[in-house]
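[1] following is a predicted model, sequence given first.
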Amino acid sequence: MTMTTIDPSVQAELSRLRDSIDNIDAAVVHMLAERFKCTQQVGHLKAEHKLPPADPSREAEQIARLRSLAENAKLDPAFAEKLLNFIIAEVIRHHETIAKSA
């Protein structure tokens, strides 16, 4: 494998962009952590009041809302929906665990 010399200005731009990506990734992780703190509280409230862990109508509303936000942000709505479905599945799993321990 031959090593290619990267122009210093290109390397600087790559570094700048990668630093921004790293900052965004950190923000995403922190935002998800905050979201899960809230959904844990929802799970405890649901368990306390014997509500089901899943709420299909709320989930459908959230998916529609997120798809619209994604379109407005020029992000693939299908990707946004897949991401939210993944998050919802994890939240429901947490709620089921909370309900079992209540």
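    That came through, no problem. Residues are numbered from 1 along each chain as shown.
[2] I'd like the next helix or strand past the longest helix seen in the chain.
    Counting by DSSP state H, the longest helix found in the chain is helix 8-48. Later in the chain than helix 8-48, the nearest helix or strand by DSSP states H and E is helix 56-72.
[3] can you name the next helix or strand after that following helix?
    By DSSP H and E, the next helix or strand past helix 56-72 is helix 77-101.
[4] got a list of contacts for that following helix?
    32, 35-36, 39-40, 42-44, 46-47, 53-54, 59, 62-63, 66-71 (C-beta atoms under 8 Å, 6 or more residues apart in numbering). (C-beta placed from N, C-alpha, C; glycine too.)
[5] and stretch 40-50, by the same measure?
    Here stretch 40-50 has contacts from 51, 52, 53, 91, 94, 95, 97, 98, 99, 101, 102, using C-beta under 8 Å, 6+ apart.
[6] circling back to that earlier point, buried subset of the contacts of helix 77-101?
    39, 42, 43, 46, 47, 53, 59, 62, 63, 66, 67, 70 (16 or more other C-beta atoms under 10 Å).
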